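K.L.:
Any chance you could fold what I've pasted below:
(4 chains)
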Protein chains: 2
Amino acid sequence: MAERKRLTAHDWTAAALAALARGGIAAVAVEPIAASLGTTKGSFYWHFGGRDALLEAALLEWERTDTDDVIAFVESEPDLIRRLRKLLAAALGSGIERPGGRVELALQASADHPLVAPVLARVTARRLDYLTELFAALGFPPGAARQRSLLAYTAYLGHAQLAHATPEAGPSADALPAYVDTVIATLTAR
Amino acid sequence: MAERKRLTAHDWTAAALAALARGGIAAVAVEPIAASLGTTKGSFYWHFGGRDALLEAALLEWERTDTDDVIAFVESEPDLIRRLRKLLAAALGSGIERPGGRVELALQASADHPLVAPVLARVTARRLDYLTELFAALGFPPGAARQRSLLAYTAYLGHAQLAHATPEAGPSADALPAYVDTVIATLTAR
DNA sequence: CCACCTCCGTACGCCACCGTATGGAACAGC
DNA sequence: GCTGTTCCATACGGTGGCGTACGGAGGTGG
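P.N.:
Residues are numbered from 1 along each chain as shown, chains lettered A, B, ... in the order given. Reported below is the predicted structural model:
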């Protein structure tokens, strides 16, 4: 938003991610983003080959920062069971409003897109593997750990979707802690 | 696809739903659909006021048939617990490939859209109420029944999303029955 | 200070889709 | 079979986005 004279490629990817969060893949459009940056597409086509190049760069940046954020968030809790609880509580609680949450929803909505699909596949695989690892470390045998991680992750995905699409259908703000507790208890019950 | 000379409004909504299933909300475009029907938009603008009117009609038709289908499917099983199992098995099993499944995914992806949101809200509310009713009839107290139904429905939503976006991350075809059993057991455990 | 390289503004052509106007084909009733 | 209504094809203008061409501003090294 500042009136910087000259822009970098990163300025464009950042603006693209902002547009992605606001209006989904379709909003990642060169001319509107140029306007939001107070410049023109003459600048854009210097830094990037085309719209797809911008989208790809933005997706890769999101993938990187998202991975880093989750790792940083998770590493702060050494105890395994508490780590899982912290993870689920954050995911089910204000899962939508965390940084990058709206981007993630937009990507899920455009999972078909050829540039989005591989990014989503990698992120999903990493998260599921990590969850499986966590359940395994909690004493679940490999097969059961995988099943638990799948149920946990699909519940997360669905919850995010529900909270976004029809928030009035989900648990109310004050009923949420109890709901999170129930989900965690259910998922970790043997 | 037949070479019928004259079309009805319903022909257009059906074609719109087909387009919706193929390419999402963005694919519900007048001219491409006209081409797919072997006609021109001269026809379209006689039957409908505009693109939004077509979309709205298609959404209402989907809502109606979807509700009817689920009711018909469910009424065929009188026993409550078996009804729930049948429901979950169908939802988690080949949930994507059932009729209207791709439409539903497209709507979830465009939950923001002003015409989609109310339809999705009604369908979601109906399903959640029905699930809650089912869990309550199985002996769960109201609050717990609501929590179970939320967990079940978010798991369904997430599973559908996962199966669509990254099917390789979900349970494999032969591991699916065991997974469904685990989910059902977990959700109905007291 | 000047020549060059980096970055950006403007103008252009292209495509896809929306919605309108209008004439004409196809059918219905009599 | 004539007339009026129903339905559709064609042509047009408008909008919004993509990508290219090109000229010029503004830093930068010699």
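K.L.:
From here on, just use CA atoms for contacts and neighbour counts.
P.N.:
Noted.
K.L.:
burial count for the closest residue to A:L176 other than its chain neighbours?
P.N.:
In space, and not counting its chain neighbours, A:L176 is closest to A:G93: 7.0 Å by CA to CA, 6 or more residues apart in numbering or on different chains. For A:G93, the count of nearby residues is 21 (other CA atoms under 10 Å in any protein chain shown).
K.L.:
so what's the backbone phi/psi at the residue nearest the centre of chain A?
P.N.:
Note on chain A: the residue nearest the mean C-alpha position is A:E104, at 3.6 Å, using CA atoms, centre = their mean. Dihedral angles of A:E104 (phi, psi; degrees, to the nearest 10) stand at phi -60, psi -40.
K.L.:
Please apply the same query to the one 10 residues further on.
P.N.:
Summarising the backbone geometry of A:P114 under the convention degrees, to the nearest 10, its torsions are phi -60, psi -30.
K.L.:
Distance of it relative to A:A57?
P.N.:
Distance, A:P114 to A:A57, using CA to CA, to the nearest Å: 14 Å.
K.L.:
now A:V103
P.N.:
A:V103 sits 14 Å away from A:A57, going by CA to CA.
K.L.:
Might you enumerate the residues of chain A proximal to DNA strand C?
P.N.:
Residues of chain A found near DNA strand C (CA under 7 Å from any atom of the strand) are A:5-8, A:38-44, A:46-47.
K.L.:
Closest one to A:D79 out of those residues, please.
P.N.:
Nearest to A:D79, judged by CA to CA, of those is A:T8 at 41.9 Å.
K.L.:
check contacts around the closest one.
P.N.:
Applying CA atoms under 8 Å, 6 or more residues apart in numbering or on different chains, we find A:T8 in contact with A:H47.
K.L.:
quick one on the thing from earlier: A:V103 and A:A57: which is more packed in?
P.N.:
More crowded of A:V103 and A:A57, by other CA under 10 Å: A:V103, with 22 against 19.
K.L.:
Pull up the residues of chain A that are close to chain B.
P.N.:
Proximity of chain A to chain B (CA under 8 Å from any CA of the partner chain) is limited to residues A:106, A:108-112, A:117, A:120-121, A:124-125, A:128, A:147, A:150-159, A:161-162, A:164-166, A:169-170, A:179, A:182-183, A:186-187.
K.L.:
Which other helices and strands does the worst-scoring helix or strand of chain A on mean pLDDT contact?
P.N.:
None of the helices or strands of chain A scores lower by mean pLDDT, DSSP states H and E than helix A:80-92, at a mean of 88. Secondary-structure packing of helix A:80-92 (3 or more CA pairs under 8 Å, 6 or more residues apart in numbering or on different chains; DSSP states H and E): helix A:116-137, helix A:142-165, helix A:176-188.
K.L.:
Tell me what angle the shortest one forms with helix B:142-165.
P.N.:
Orientation of helix A:176-188 against helix B:142-165 (axes from the mean of the first three to the mean of the last three CA atoms, to 10 degrees) gives an angle of 60 degrees.
K.L.:
quick one: helix A:176-188 to chain centroid distance?
P.N.:
The chain centre lies 21 Å from the centre of helix A:176-188; the measure is CA atoms, centre = their mean, to the nearest Å.
K.L.:
do the same with the first one
P.N.:
If you compare the mean C-alpha spot of helix A:116-137 with that of the full chain, they lie 12 Å apart, counting by CA atoms, centre = their mean.
K.L.:
looking only at pLDDT, what's the mean for it?
P.N.:
If you average the pLDDT over helix A:116-137, you get 96.
K.L.:
Can you give me the buried ones in that helix?
P.N.:
Buried residues in helix A:116-137, defined by neighbour count with 16 or more other CA atoms under 10 Å in any protein chain shown: A:116-121, A:124-125, A:127-129, A:131-136.
K.L.:
now do the second one
P.N.:
Under the neighbour-count criterion of 16+ other CA under 10 Å, helix A:142-165 has A:144-165 buried.
K.L.:
ok so, going back, quick one: the residue nearest to A:L176 and chain B, what's the gap?
P.N.:
Computed with CA to the nearest CA, to the nearest Å, the distance linking A:G93 and chain B is 13 Å.
K.L.:
Return the residues of chain A in contact with DNA strand D.
P.N.:
Near DNA strand D, when you scan chain A using CA under 7 Å from any atom of the strand, you find A:V28, A:A29, A:V30, A:E31, A:P32, A:K41, A:G42, A:Y45, A:G49, A:G50, A:R51, A:D52.
K.L.:
Cheers, nothing more for now.
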